[in-house]
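Q: Structure here, sequence nowhere to be found:
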């Protein structure tokens with residue numbers, strides 16, 4: 001059995017990476033954090049690219065693709081700290097599956113959606129005009145008032161949402177909500193994979209170039225071991241992400257465990273990668289001008305999105321024990 005991406009996925013990743021790198025990057029993320037500059041590529045440009053609607057059926061104006069296709073794009077988005085998050089589109093596509101008119105609005109950008117969980121700030125609330133939420137077991141939809149928080153990572157568009165008058169889209173929607181959350185966790189882990197892989201590359205490049213006592217700092221065992229540990233964690237995360245994305249498309253029974261494992265590993269791996277690369281860079285790694293702190297900020301925010309890593313690890317342990325009993 002082939003557990004690697006095929007050429008179609010690789011071509012998609014290359015095209016998405018080129019678009020997202022041209023539209024944004026760490027410099028744009030810094031500008032958004034520093035002076036309130038718009039998040040890039042932004043909703044309008046992202047929708048024009050067609051990438052957010054990959055999992056929306058073709059009948060509603062989407063790409064009719066798989067969660068794995070979206071995860072491939074999300075990895076590239078994570079590399080350049082792009083916003084808004086593809087997590088929001090992934091969850092909305094699941095929740096609106098039986099509402100073609102709203103799905104079409106999601107695909108063409110006329111519906112700026114965010115998904116409101118009960119705990120914590122709402123991802124991509126800034127700029128959203130319509131909110132999906134679970135209330136008393138029902139899936140509801142409606143406008144809301146957003147209070148944007150002072151950002152740790154401005155690209156995440158976090159805000160507190162007070163829902164206005166809503167309409168019920170589906171009764172007894174807990175299972176639907178959970179599937180949307182698990183698909184969202186998978187895409188979030190994909191973004192974390194991209195961010196961790198890119199910050200690792202930055203650390204390796206610096207370790208090769210920076211010299212002390214007449215030799216590259218990468219030749220010292222302490223630096224080698226630190227970066228190799230991150231590399232191993234990134235590759236382990238890669239396997240979990242592709243497993244979760246495959247499960248979302250082909251093995252729904254495996255998705256709860258796979259999505260929880262990917263979420264937990266992404267949270268710890270990105271945090272480990274960002275902190276290690278800051279250490280590799282020494283004093284300059286802590287400065288505002290260096291990109292490392294932008295990935296560190298992303299790690300600190302993402303750790304708590306869609307539940308924190310502790311809750312995810314607990315879920316992995318519970319599901320694994322249930323499966324073995």
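A: Structure received. Not measured: the values here are computed from a predicted model. Numbers count the residues shown, from 1 in each chain.
Q: Please, where are all the strands along this structure?
A: With DSSP state E as the criterion, the chain has strands at 113-116, 130-135, 138-142, 144-148, 159-163, 167-170, 211-212, 215-216.
Q: which parts of stretch 115-125 are buried?
A: 115, 116, 117, 121, 122, 123, 124, 125 (16 or more other CB atoms under 10 Å). For the C-beta atoms, the positions are set from N, CA and C on the backbone; glycine is no exception.
Q: list the contacts for the spatially most central residue of the chain?
A: By CA atoms, centre = their mean, the chain has its centre lying nearest to residue 188, at 2.7 Å. By CB atoms under 8 Å, 6 or more residues apart in numbering, the residues touching residue 188 are 74, 85, 87, 263, 266, 302, 305, 306.
Q: Apply 6 Å and report the result again.
A: 87, 306 (CB atoms under 6 Å, 6 or more residues apart in numbering).
Q: how much space between it and residue 223?
A: Distance of residue 188 to residue 223, given as CB to CB, to the nearest Å: 30 Å.
Q: Read off the pLDDT value for the nearest residue to residue 118 once chain neighbours are set aside.
A: Leaving aside its chain neighbours, residue 118 sits nearest to residue 134 (7.6 Å; criterion: CB to CB, 6 or more residues apart in numbering). At residue 134, the model reports a pLDDT of 97.
Q: Can you give me the neighbour number for residue 134?
A: Look at residue 134: counted by other CB atoms under 10 Å, it has 21 neighbours.
Q: That one bridge partners, please.
A: Beta-bridge pairing for residue 134 (DSSP bridges): residue 139.
Q: That one reaches residue 176, doesn't it?
A: No - Residue 134 lies out of contact with residue 176 (CB atoms under 6 Å); the separation is 8.9 Å.
Q: Now the strands of the chain in a markdown table, please, with extra columns for distance to residue 182.
A: Putting the strands of the chain into a markdown table (distance: least, CB to CB, whole Å) gives the following:
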| stretch | distance to residue 182 |
| --- | --- |
| strand 113-116 | 13 |
| strand 130-135 | 14 |
| strand 138-142 | 15 |
| strand 144-148 | 24 |
| strand 159-163 | 22 |
| strand 167-170 | 17 |
| strand 211-212 | 46 |
| strand 215-216 | 43 |
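Q: So which of those is the most surrounded?
A: strand 113-116 (a mean of 25; mean count of other CB atoms under 10 Å).
Q: I'd like the distance between the closest residue to residue 163 other than its chain neighbours and residue 161.
A: For residue 163, ignoring the flanking residues on the chain, the nearest one in space by CB to CB, 6+ apart is residue 144 at 4.7 Å. Residue 144 is 4 Å from residue 161, where distance means CB to CB.
Q: got any residues that touch both of those two?
A: residue 131.
Q: separation between the closest residue to residue 166 other than its chain neighbours and residue 184?
A: Closest residue in space to residue 166, ignoring its immediate chain neighbours: residue 142 at 3.4 Å, by CB to CB, 6+ apart. Distance, residue 142 to residue 184, by CB to CB: 20 Å.
Q: which stretches of the stretch 101-250 of the chain aren't confidently modelled?
A: For the stretch 101-250 of the chain, no stretch has pLDDT under 70.
Q: Quick one: the helices in it, in order.
A: Secondary structure of the stretch 101-250 of the chain (DSSP state H, counting those that start in this stretch): helices located at 174-209, 221-250.
Q: Going by contacts, tell me the helices and strands next to the last one.
A: It stands for helix 221-250. Secondary-structure packing of helix 221-250 (3 or more CB pairs under 6 Å, 6 or more residues apart in numbering; DSSP states H and E): helix 67-79, helix 174-209, helix 255-281.
Q: out of those helices, deepest packed?
A: Neighbour counts (mean count of other CB under 10 Å) averaged over each of the helices and strands packed on helix 221-250 peak at helix 67-79, with a mean of 28.
Q: Check the average confidence over it, would you?
A: Mean pLDDT, helix 67-79: 98.
Q: What of stretch 48-62?
A: Average pLDDT, stretch 48-62: 97.
Q: Mind listing what's buried along it?
A: For stretch 48-62, a neighbour-count test (16+ other CB under 10 Å) marks 50, 51, 52, 53, 54, 55, 56, 57, 60, 61, 62 as buried.
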